[in-house]
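Asker: Provide a 3D model corresponding to the input given below.
(2 chains)
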Amino acid sequence: MINLLLIIFIVTLFVCATAIRLKTFIKAIAFQGLLLFGIFLLRLNELNTINLILLLLETLIFKAFLIPWFLHFLIKRNKITRETDPFVSNFASLFIITFVVMTTFFLANTLKGGVFENIYFVIASITIFTGLFLIISRRKIITHVMGFIILENGVVILSLAVGVEMPMLVNLGILLDIFVTVLVLGIFAIKLGDIFKEAEVDHLKGLKD
Amino acid sequence: MIALYIAISLLITLSVFLIRNRKLIISLVVIFVLLQWILTCYEYLTLNSVQLYYFTPDAIGIILLAVLSVIASMSFLYSFIYLDSRNDSPRIISIYLSALILLIMAISCAYLANHVAIAWIFVEITTLSSSVLIYHRRTERSLEGSWKYIFICSVSVALIFMGILFLGMASQQAKAGDLFYSNLVLHAKSLDELWLKAAFLFIFTGYTAKLGLFPMYTAGIDAKDKAPSPASAVFSSALMNVGFIGVFRMYGIISKTNIHPWVNLVLIISALISLIIAAAYMLRVKSFKRMFAYSSVEHMGIAVVGLTMGSMGIFGSVLHVIFHSFTKAGLFYQYGSVNRVIKSKFINDAGEYFEKNTSGALVLLLGFFMVTAIPPSGMFISEYYIFRSLFEKGYLWLLIVFAVLITVIIWALGENIFRLLFYKPPFVRDNGEITKKVSVWESVPQFALMAGVMYLGVNPPGFLIELINQAVKGFS
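Answerer: Numbers count the residues shown, from 1 in each chain, chains lettered A, B, ... in the order given. Sure, this is the predicted structure:
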């Protein structure tokens, strides 16, 4: 069951890489939040209230609902056009992501033993790489924020891979930090949209030596 | 105490953010500065005790906390001078001051945190609060600077988190327990080497965004360029030290393991590339703030190389970080006055500063000698320790390359600073504005900083030597 969810997770990455419309992109991110909720729920050893609340907070409320809603709000507020405006063509994006997925799985199969047998580790590497790729290959500033969110999702899966249990207080702090980061990124994205009309990275070339 | 400190600072941050009454804000800021000093003294008296479970004031933490407290007090003073010279709305002033308080609180906690992830949380808070400070001027370019800063730092901090996860994996395999630095140092020998390498690479790469080294140095340069100069002073001293302490603590774990030489090589390569970048860009910078920012890159590179060179090098490196913080903060404060007199940040428009503001010009002249490590600068002593350890460890080629690069940097710094001080423009741009005379008193704290660098270099007090020795002892 978890494997199925993880495979669907990779499919959402393909959707993100090829999405022509920003709305598709956002829906894929929201769906990723849902998938993460499912994965975490199935992984949970014991179902106590605090764990469940934290989980609900982290994935369902925060990743699947709040962030997509906030991104929608950003697009409406800034009147951003609907296209994702990539630097590279969608076909090339798809090709690169497919290549990454294939190589990672291939490497995982050949380098048997140790961590590479761990499916989470493979998925996490793919997700983090996709996040970074989306950041560098898209023109709009809001897609940078989305790439960052995908990167964070990858880090969350990585935490499953290594199985490090942080203390509750630490977890809460981390959660709060990421939330505020996305919020502040969004606020600055709004300001950029206000000043530059079209919030694209091409405008961000003033500071250099 | 630390819980009380965090609670009161958050309360002050919130009230400064909400209150618009000037007198009330000033008194709150004064209370915060007092609190900062009380914390520093308290932590010094309770050295190496566990507080609030996650915090332990160790020697390096205390040293940098004291440096921060000095710079924070002055930064608030100059912030008020800076804010008075502009007519920002009360709301913007409140946002600026509350962000500065939050930044200083987060930096203090990041110094004292003994848990890897707790330190991470506070490092992320420093990113958020400093991006607000960078945006203070509300111009296009400051917006660009803050966007770049927050974005690059957030990605870097995500990298640090990945490193922490790898570290956690290594510690789980070794059954080392929770991710406390002190815990990891004890179990360093039993940690898996491959995971430790991966963890170090990710954590180091992430912290370079704060430390100002290759590869993530770019964000810091734009931040220091665009932020108001009192905030830039904090960025180029205390905030860079956050990166330094992160690498320092991680290196403390590594130095007990077999991958020590490999990590040394990584640090040396990063520092060398940083110095090359600093030298190359300093020859072509157009504004003073960017020049000072690149000079910070250079000094942090020297300090990180010192880390890899055994106990004498580490001693010099800690000393170097302290002196660099004071000197660079002083230069940035003075730049605030320069900006009000010259009314342009570009080097091409600068000149005749000696006639326009003699006391400030003396600070710049003194600062030039300090920052280029010409005796009696304290940095001469610290660089002497570092370079001597380079010599003794047989890195003569590195020493020669460093000497060449530093010569280039000194030349660039000298050319630009002396132009500002003595150059007479052939025609005077007169735009009818009358520049207010800068009071001599404004330069006094800057003289004090420079004097401190000299005094601490020549005759460091016993407790400082003892603290640094304690910090160095952790590596052997």
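Asker: what mean pLDDT does the one helix or strand residue A:37 maps to have?
Answerer: Here residue A:37, judged by DSSP states H and E, is contained in helix A:22-43. The pLDDT scores in helix A:22-43 average 90.
Asker: Helices along chain A, start to end?
Answerer: Applying DSSP state H to chain A gives helices spanning A:2-18, A:22-43, A:49-55, A:67-78, A:90-110, A:119-137, A:141-162, A:168-196.
Asker: From the contact counts, what lies against the helix holding residue A:37?
Answerer: Helix A:22-43 sits against helix A:2-18, helix A:49-55, helix A:67-78, helix A:141-162, with contacts defined as 3 or more Cβ pairs under 8 Å, 6 or more residues apart in numbering or on different chains; DSSP states H and E. C-beta here means a position set from N, CA and C on the backbone, and glycine is covered the same way.
Asker: worst average pLDDT in these?
Answerer: Among those, helix A:49-55 carries the lowest mean pLDDT (a mean of 77).
Asker: List the residues that contact residue 150.
Answerer: Because you didn't say which chain, this covers chain A. Residues near residue A:150 by Cβ atoms under 8 Å, 6 or more residues apart in numbering or on different chains: A:13, A:16, A:29, A:32, A:127, A:130-131, A:134.
Asker: right idea, wrong chain: chain B
Answerer: Per Cβ under 8 Å, 6+ apart, neighbours of residue B:150: A:181, A:184-185, A:188, B:127-128, B:131.
Asker: nearest to residue A:42, of the residues you listed?
Answerer: residue A:181 (27.8 Å; Cβ to Cβ).
Asker: quick revisit: dump the contacts of residue A:150 to TSV, plus distance to residue A:78 and neighbour count.
Answerer: Conversion of the contacts of residue A:150 to TSV gives the following (distance: Cβ to Cβ, whole Å; neighbours: other Cβ atoms under 10 Å in any protein chain shown):
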residue	distance to residue A:78	neighbour count
A:13	26	25
A:16	20	27
A:29	18	22
A:32	23	27
A:127	27	25
A:130	25	26
A:131	22	23
A:134	19	26
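Asker: Now for those residues: which two are most distant?
Answerer: Pairwise distances across the contacts of residue A:150 (Cβ to Cβ) peak at 12.7 Å, for the pair A:32 and A:134.
Asker: What sits closest to the closest residue to chain B within chain A if chain neighbours are left out?
Answerer: Closest to chain B within chain A is residue A:164: 3.3 Å, counting by Cβ to the nearest Cβ. Leaving out its chain neighbours, the residue that sits closest to residue A:164 by Cβ to Cβ, 6 or more residues apart in numbering or on different chains is residue B:168, at 3.3 Å.
Asker: Would you agree that neighbour is in contact with residue A:167?
Answerer: No: contact criterion Cβ atoms under 8 Å: residue B:168 and residue A:167 do not qualify, at 11.7 Å.
Asker: Of these two, which one has the most company?
Answerer: residue B:168 (24 against 15; other Cβ atoms under 10 Å in any protein chain shown).
Asker: buried set for the lowest-mean-pLDDT helix or strand in chain B?
Answerer: Every helix and strand of chain B was ranked by mean pLDDT, DSSP states H and E. The lowest is helix B:353-356, at a mean of 88. For helix B:353-356, a neighbour-count test (16 or more other Cβ atoms under 10 Å in any protein chain shown) marks B:353-354, B:356 as buried.
Asker: residues in contact with that helix?
Answerer: B:338, B:341-342, B:360-361, B:364, B:420-422, B:435.
Asker: now stretch B:440-458
Answerer: Residues contacting stretch B:440-458 (Cβ under 8 Å, 6+ apart): B:70, B:74, B:77-78, B:81, B:319, B:322-323, B:326-327, B:329-330, B:333-334, B:337, B:359-360, B:362-363, B:366-367, B:370, B:376-382, B:464.
Asker: out of these, which are buried?
Answerer: B:70, B:74, B:77-78, B:81, B:319, B:322-323, B:326-327, B:329-330, B:333-334, B:337, B:359-360, B:362-363, B:366-367, B:370, B:377-382.
Asker: Which residue would you name as the spatial centre of the chain?
Answerer: Since no chain was named, I'll use chain A. residue A:150 (1.2 Å; Cα atoms, centre = their mean).
Asker: To clarify, I was referring to chain B.
Answerer: residue B:237 (2.4 Å).
Asker: so who does it touch?
Answerer: Applying Cβ under 8 Å, 6+ apart, we find residue B:237 in contact with B:67-68, B:71, B:324-326, B:328-329.
Asker: and whatever residue of chain B ends up closest to chain A, what pLDDT?
Answerer: Here chain B gets closest to chain A at one residue, residue B:168, 3.3 Å apart by Cβ to the nearest Cβ. pLDDT, residue B:168: 90.
Asker: Now do the SS call for it.
Answerer: On the three-state scheme (DSSP: H, G, I helix; E, B strand; the rest coil), residue B:168 is labelled helix.
Asker: Quick one: residues contacting it.
Answerer: With contact taken as Cβ under 8 Å, 6+ apart, residue B:168 is in contact with A:162, A:164, A:166, B:179.
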